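Peer 1: need a 3D model of the sequence below.
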Amino acid sequence: MQILVINSGSSSIKFQVIRMPSEVVLCKGLVERIGLENSEIHYKTPTLSKSETRSLSDHRQGLQAITDMLMHPEIGVLEHPDAIAVVGHRVVHGGSRFDRPTRIDAEVLGEIERLSSLAPLHNPANAKGVRVASAVFKKAVQVAVFDTAFHRTIPEMAYRYAVPKALADEHQIRLYGFHGTSHKYVSERAMEHLKMPKAKMITVHLGNGCSMTAIKGGKSMDHSLGFGPSNGLIMGTRSGDIDQSVIFYLIDALGLSSQEVNQMLQKQSGLLGLTGYSDLRDIQREAGKGNQDCRLALAMTAYRIKKYIGSYIAALNGLDALIFTAGIGENSSMLRSMVCADMEALGIEIAEKKNDQRAQTLLEIQKAGSRVKILVIPTNEELEIAKQSYQIIDH
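Peer 2: Just a heads-up that it's a prediction; the model follows:
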């Protein structure tokens, strides 16, 4: 069975064609910097690698570029769309209804779109992915794998907000958590590597969207994102944690509408608001040239991550492993170094020479005497989505 996995992020689309149950990857790729003039398309099979730059204004154009490559007469791996039996979609917000992989029909797609108000950067892109894939791969079963599902083990004392109980219960206002597919995958890889099924871990997913999870024995115990994927860490365009008084001030004193404030905090803040750049690679480059705004943004980002590490160590009553993953977590040795600096009191000591290496599968970057293992594990949300999609089709 060949499964196409589509992982639509806020500014990127990752994809893989995987033969299941053998888990053989026939091709994979990435479309990134969507919405910018210099969007990049990367496509790789076991025998070739191709990259190109073009202007892709939205996710629909990105998805069309992917399907064109998959069925290209020279470099494609599909002779016909019907070769795909299942399309597995990453969907960010499943609300309180979806706690497991789900076949997508019109009702489910409508619910995914209805939840867009809670994940405005993601669920609309996820829904577009479903619609485009349904039109191209007409005979394939469409399956949604929800980011929120992994976090359903978070205890009530951690997921409940201190707002009127009746209101929260009626409207299902609570911490849902996100990036669950990634946190699940890397935590399982870490437990397997450490041979510690009851390990206490903190997983740090750093991309255009960022989140952290406290994990004990493979179960999510707390998470930095909440009701929607906008609080917690500083992100590409999202502010992360902010005093709610600022929101009321923007509305009441400055006269902005709630929609304008939401747009500001979701799409105009974070690294973009601090520096004018939303991509950390650009920020690191400019910081190296002496740009003080970029240097401050890097320091703020690392400091916010440090605070969550400290709080999660307290919540877990210890720590066995700190895990970095996703585009920034896997590739920015600078940010990893800044996060782990001056953390000896918590048992975290990074080895800079090891940190400068690139993780192909899994890399340990702690000093020999560090009490806490520091791991860089490339995430593979696509494989995890394929496995979960195959399970519900096969049973």
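
Peer 1: when you work out contacts or count neighbours from here on, use the C-alpha atoms and nothing else.
Peer 2: Noted.

Peer 1: where does pLDDT dip in the protein?
Peer 2: For the chain, the stretches with pLDDT under 70 are 10, 394-395.

Peer 1: tell me the backbone dihedrals of the residue of it most remote from its centre, please.
Peer 2: The C-alpha centroid of the chain is most remote from Ala253, which lies 34.8 Å away (Cα atoms, centre = their mean). When quoted as degrees, to the nearest 10, the phi and psi of Ala253 stand at phi -90, psi -40.

Peer 1: same check on Thr275?
Peer 2: phi -130, psi -20.

Peer 1: how close does it sit to Gly110?
Peer 2: From Thr275 across to Gly110, the span is 37 Å (Cα to Cα, to the nearest Å).

Peer 1: who has more neighbours, the two?
Peer 2: Taking other Cα atoms under 10 Å, Thr275 and Gly110 do not tie; Thr275 has more neighbours (20 against 12).

Peer 1: so the more buried one touches Cys294, yeah?
Peer 2: Yes: at 5.7 Å, Thr275 and Cys294 qualify as touching, with contact defined as Cα atoms under 8 Å.

Peer 1: which neighbours do the two share?
Peer 2: Ile283 (Cα atoms under 8 Å, 6 or more residues apart in numbering).

Peer 1: in stretch 195-212, which residues are buried?
Peer 2: 199-212 (16 or more other Cα atoms under 10 Å).

Peer 1: swap in stretch 388-395?
Peer 2: With the criterion 16+ other Cα under 10 Å, stretch 388-395 contains buried residues 388-390.

Peer 1: and the residues you listed as a markdown table, adding secondary structure?
Peer 2: What follows is these, written out as a markdown table (DSSP: H, G, I helix; E, B strand; the rest coil):
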| residue | secondary structure |
| --- | --- |
| Gln388 | helix |
| Ser389 | helix |
| Tyr390 | helix |
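
Peer 1: Pro229: how many residues sit nearby?
Peer 2: 26.

Peer 1: please, which helix or strand holds it?
Peer 2: Secondary structure assignment for Pro229, by DSSP states H and E: no helix or strand.

Peer 1: need the contact list for it.
Peer 2: So Pro229 contacts 118-119, 177-178 (Cα under 8 Å, 6+ apart).

Peer 1: most neighbours of all those, which one?
Peer 2: Ranked by neighbours (other Cα under 10 Å), the contacts of Pro229 are led by Phe178, which has 31 neighbours.

Peer 1: so that residue, which of the three states?
Peer 2: coil.

Peer 1: show me what contacts it?
Peer 2: Neighbours of Phe178 in contact, by Cα under 8 Å, 6+ apart: 92-93, 147-148, 151, 211, 225-226, 229.

Peer 1: tell me the phi and psi of it?
Peer 2: Dihedral angles (degrees, to the nearest 10) for Phe178: phi -140, psi -180.

Peer 1: then Ser12?
Peer 2: Torsion angles, degrees, to the nearest 10, at Ser12: phi -150, psi 160.

Peer 1: go on, Tyr161?
Peer 2: Phi and psi for Tyr161, reported as degrees, to the nearest 10, are phi -100, psi 150.

Peer 1: all strands for this structure, in order.
Peer 2: With strands called from DSSP state E, the chain shows them at 2-8, 12-19, 24-32, 39-45, 48-54, 86-91, 102-103, 141-146, 200-206, 210-216, 219-223, 321-325, 363-364, 373-376.

Peer 1: point out the most buried one among the ones you listed.
Peer 2: Ranked by mean neighbour count, the strands of the chain are led by strand 86-91 with a mean of 29 (mean count of other Cα atoms under 10 Å).

Peer 1: give the pairing partners of that one; include direction for each.
Peer 2: Strand 86-91 has the following strand partners under DSSP bridges: strand 2-8 (parallel), strand 141-146 (parallel).

Peer 1: dump the ones you listed into CSV; add distance to Thr361 as well.
Peer 2: Converted to CSV, the strands paired with strand 86-91 look like this (distance: least, Cα to Cα, whole Å):
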stretch, distance to Thr361
strand 2-8, 20
strand 141-146, 24
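
Peer 1: between those, which gets nearest to Ser239?
Peer 2: If you check each of those against Ser239 by Cα to Cα, strand 2-8 wins as the nearest, at 20.7 Å.

Peer 1: and the closest one with strand 24-32, angle?
Peer 2: 20 degrees (axes from the mean of the first three to the mean of the last three Cα atoms, to 10 degrees).

Peer 1: how far does strand 2-8 sit from its chain's centre?
Peer 2: Distance of strand 2-8 from its chain centroid, counting by Cα atoms, centre = their mean, to the nearest Å, is 15 Å.
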